[in-house]
Each structure stands twice: as C-alpha cells, then as structure tokens.
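Novice: could you work out the structure for the sequence below:
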Amino acid sequence: GHTWQEGAVIPSHPSIIEGLDMMMLDANQGWLLGIGAPAMGNATVQLFKTQNGGLNWEMVYDTSRHISDPNGLWVENFYPYEEIFTFLPNQSGFFSNGILFSSPDGGRSWTMRSLDPPPGFPDIDCRSVGCKYLNVVSAPEFSSSQAGVLLRRVYLNSEEVRNSLMYGADLSKPPQAQFLYFTQDGGKTWIPR
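Specialist: Residues are numbered from 1 along each chain as shown. Just a heads-up that it's a prediction; the model follows:
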C-alpha cells in the first residue's frame, strides 16, 4: 500500500451499483462483485474479472442480461451470511443468495446446485409459500483447491411468512437446525454432517 497505480475505468453502470465485494486469488487474478439497488427484496449482480491485479476489469456477468433465466444471480435481502461468492484457482466459482450456484468458467455462466437433504429434513428443498421448512445455504469457504465447507440453516416456516406470499426465512428467530456440508473434490459433491 505504499504506492498506488490508477487502473482503467470499470465497465459497469455505476449509478446502479450500491455495494462492492472483491476477492483476489493471487497478485493478478481476481473478481469484483457489484450489487445493484434492491427492489422487491432482490438486487442485481454485476461480476468483473481481472487478470492483471486490478488494473483492468472485464464484465463477465450482469443480471440484467439474465432476467428470465432461472439460474440468474440475484442478491436476496434475507441472506444472512457475509460472504456471497468465491472462486478457486481452476476458475470454478460459487455464489449463494440462500441457494447455491456454481460456475465452471470464471463466472460467465451459472447453474443452481442442489444439495442432498440433511438427515430428518427430506422436504427441505420446497420453494413455495406453504413449505414447512425454509433453508438458507452459505457460499462455500475453501481451505485448499479441493477441501471446503458450507453451512445450511433450516428455519421453521412461520404463519407471517406464509401470509406475506414471499419466500424468505425469518432470521430474527433461531434456526431449527444447522448442517455443515463438506467437499473434498473442489465442490463437485457436498456431504452433509
């Protein structure tokens, strides 16, 4: 931090970005996540990648280009975890807004990832207003390129949430259960414990 060099302008829509989060894999390779203004509980996402330590950024993903895509990335207002995304040295990435998504290509494309249900919660993946349980999955954290962990919290659906006609856990109440999921293959498979 003794010296600083000005980089190129980030190719985004600065008027809609309200939050930024950055992660660097090494001195050159990294990603910058821009979060738009929230509307109806969701905020848009813009993801940028650098190959030269942040001097230049390339936009690799923009929610506005994936509005009707069921695998489109949005930041949900009820997401309780600090970290939203992470990448591994092989360019595979993970994003969570309560649901886990993965990218095989440095963030250009994303796919929703289902996780095996933990013991005792066979209908945990229900995604409608009348579900008994709601759950929130964190973005993974990796200790190596293969070993990682994520957290899945299970909440009892409340009458207030059912009456609001919106999917979202009441985070003011403690979860019914929490499960750690482990991977030893870079996030290809996740095992609940």
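
Novice: below-threshold pLDDT in this protein: ranges please.
Specialist: Within the chain, the set of residues satisfying pLDDT under 70 comprises 12-18, 40, 128-129, 158-172.

Novice: redo that, cut-off 50
Specialist: Screening the chain residue by residue with the criterion pLDDT under 50, one finds the ranges 162-166.

Novice: the helices in it, which residues?
Specialist: Along the chain, counting by DSSP state H, helices occupy 159-164.

Novice: could you pull up the residues touching residue 123?
Specialist: 117, 131-133 (C-beta atoms under 8 Å, 6 or more residues apart in numbering). All C-beta spots, glycine's among them, are computed from the backbone N, C-alpha and C.

Novice: look up phi and psi at it.
Specialist: The phi and psi values for residue 123, taken as degrees, to the nearest 10, are phi -100, psi 30.

Novice: distance of it from residue 133?
Specialist: Per C-beta to C-beta, to the nearest Å, residue 123 is found 7 Å from residue 133.

Novice: residue 192: neighbour count?
Specialist: Burial measure for residue 192: 15 neighbouring residues, criterion other C-beta atoms under 10 Å.

Novice: wait, I meant residue 56
Specialist: Here the neighbour count serves as a burial measure; for residue 56 (other C-beta under 10 Å) it reads 15.

Novice: can you pull the contacts of it?
Specialist: Going by C-beta under 8 Å, 6+ apart, residue 56 touches 7-8, 50.

Novice: need these in TSV (columns: neighbour count and distance to residue 44).
Specialist: Below are the contacts of residue 56 laid out as TSV (neighbours: other C-beta atoms under 10 Å; distance: C-beta to C-beta, whole Å):
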residue	neighbour count	distance to residue 44
7	13	23
8	11	22
50	20	21
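
Novice: mark which of the residues you listed are part of strands, please.
Specialist: Secondary structure from DSSP state E places residue 50 of the contacts of residue 56 in strands.

Novice: turn the contacts of residue 56 into CSV, columns for distance to residue 184.
Specialist: Compiled in CSV, the contacts of residue 56 are given as follows (distance: C-beta to C-beta, whole Å):
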residue, distance to residue 184
7, 37
8, 39
50, 29
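
Novice: just the closest of the contacts of residue 56 to residue 61, please.
Specialist: Taking C-beta to C-beta as the measure, residue 61 sits nearest to residue 50 out of the contacts of residue 56, at 14.1 Å.
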